[in-house]
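S.K.: here you go, sequence then predicted model.
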Amino acid sequence: MHHSSKQTYRARWLLPIDGDPIPNGMIVVDSGIMTLISPFQDSQVEGDLVDLGDVAILPGLVNAHTHLEFSDLVQPIGQAGMELADWIREVIATRGMVDTNTRQKHVLKGHAEAIASGTQLIADIVTTPLETIPSNTIAFAEVLGLSQARGDERMAQAEQHLEKNASPDLQASAAAISPHAPYSTPLPLLNHCIETAKRNRVPLAMHVAESPAERDLLNHGTGPFAESLQALGLPVDQFFPWAAPSPLVHLIDLLAKAPRTLIVHGNDLNESEIQRIASHPNCSVVYCPRTHHFFGHSQHPVAELQAAGINVALGTDSRASNPDLNLWSEIQHLLRHRQDLIPTEVLRMATANGADALGRSTTHGRLAIGMPANFITVATQADRVDQLWSDFSSDSSSSARPAPHN
């Protein structure tokens, strides 16, 4: 039986992301590329008509920050609301020395879970070496080490990772780099990471302003992080406090030297830091709503970041601080708990904004003519846009699914 290279998909709603939701919409696909996106009209159907029924079609979701290597965990580490510095100590203890093979298995398991729940692009922080980077994944080699030997070893692995996996097509590189955090990555090592990102022309991601304890450490060399690092036998006085008058503003300016920068978490950013990020158009912030909730941090400045014109994307973080890797659940969490955010903006954070942050705006995160037809569906009975949002936040649409393809 001969299959036409064209199909037309019809659904109760289409959410292009760059435009308003379209009720009773249609998408024409030719050889895997979208050629028409519009309200349904019989006269414009091409090839086989596939009526998907009572669903909304959305672009595949973009998870802009996760650690797939923790995907073996059945539940988060530690207790909800615990101090971040103590949690990190528990994470280090839990991981111990996981060998490369086991780590690879965990990554593939997490990848399968994310893809099955509608995610189509993943920014994964990896402990190198990693034998195989799964499809649809940008693997950010994690670099850290307050001891010279550890820092050198992580940096050498990261450079090998980039050599092996960076692509001459900058839009398609499967590898990137991630200096871990200001409490674990001293300035010389951070600068080395930034130079490496520039040389290889790849994105850079770093955990920044994760908690007030991080600020205490950078400003004064004191607090829970200082105590945790001392307990691990690390030379706190050698690296902290930072000499800069505003350490986080200084850090943001440094990070902005990379081709693209993902500032991860940003739970504790203040007004001057938000303005500084806004001054660097190549910087995005990645917000992980359910991880933020797990630690009981004070309200996330996501609305202030958006108001400042900053590109904000969403991530799941890892199963060490989150019950699962389902990005749709992050969307639902925000629709339920952050009524101050505009629902279309919440969806944009999980799609187009993530693609933009990662330099993949031409292949992911939008329904647009000329782009690959990798869409997903979410069940809805809505007749009006406001009903659509209440359907999305209810349990009846608890999952997003990859759309069927002919």
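M.R.: Yep, it's here.

S.K.: what residues are up against the residue lying closest to Gly359 once chain neighbours are set aside?
M.R.: Spatial nearest neighbour of Gly359, chain neighbours left out: Arg260 (5.6 Å); criterion: CB to CB, 6 or more residues apart in numbering. Backbone N, C-alpha and C define where each C-beta goes, glycine included. For Arg260, the contact set (CB atoms under 8 Å, 6 or more residues apart in numbering) comprises 203-204, 282, 284, 357-359.

S.K.: any idea how far Arg260 is from Pro179?
M.R.: According to CB to CB, to the nearest Å, Arg260 and Pro179 sit 14 Å apart.

S.K.: do Ser147 as well
M.R.: Counting by CB to CB, the gap from Ser147 to Pro179 is 15 Å.

S.K.: of these two, give the one with the bigger neighbour count.
M.R.: Pro179 (34 against 12; other CB atoms under 10 Å).

S.K.: which phi and psi does the more buried one have?
M.R.: Per-residue torsions, Pro179: phi -60, psi 130 (degrees, to the nearest 10).

S.K.: repeat that for Thr8.
M.R.: phi -120, psi 130.

S.K.: ranges for the helices of the stretch 251-400 of the chain?
M.R.: With DSSP state H, counting those that start in this stretch as the criterion, the stretch 251-400 of the chain has helices at 271-278, 289-294, 302-307, 327-337, 343-349, 352-357, 385-393.

S.K.: mean neighbour count, these: which tops it?
M.R.: By mean neighbour count, with neighbours taken as mean count of other CB atoms under 10 Å, helix 352-357 ranks first of the helices of the stretch 251-400 of the chain at a mean of 26.

S.K.: residues in contact with that one: which ones?
M.R.: Residues outside helix 352-357 that contact it (CB under 8 Å, 6+ apart): 17-18, 59, 61-64, 121, 123, 203, 260, 262, 284, 286, 311-314, 361, 363-366.

S.K.: the stretch 1-150 of the chain: helices as residue ranges?
M.R.: For the stretch 1-150 of the chain, applying DSSP H, counting those that start in this stretch gives helices covering 84-95, 100-116, 148-165.

S.K.: put the alpha carbons of the shortest one into CSV.
M.R.: Once side chains and other backbone atoms are set aside, the C-alpha atoms of helix 84-95 remain, and they are given as CSV (Å, rounded to 0.1, in the frame of the first residue of the first chain):
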residue,chain,number,x,y,z
LEU,A,84,20.5,22.9,50.1
ALA,A,85,24.1,22.5,51.4
ASP,A,86,23.1,19.5,53.5
TRP,A,87,21.2,18.0,50.6
ILE,A,88,24.2,18.3,48.3
ARG,A,89,26.3,16.4,50.9
GLU,A,90,23.7,13.6,50.9
VAL,A,91,23.7,13.6,47.1
ILE,A,92,27.5,13.2,47.1
ALA,A,93,27.2,10.3,49.6
THR,A,94,24.4,8.6,47.6
ARG,A,95,26.3,8.7,44.3
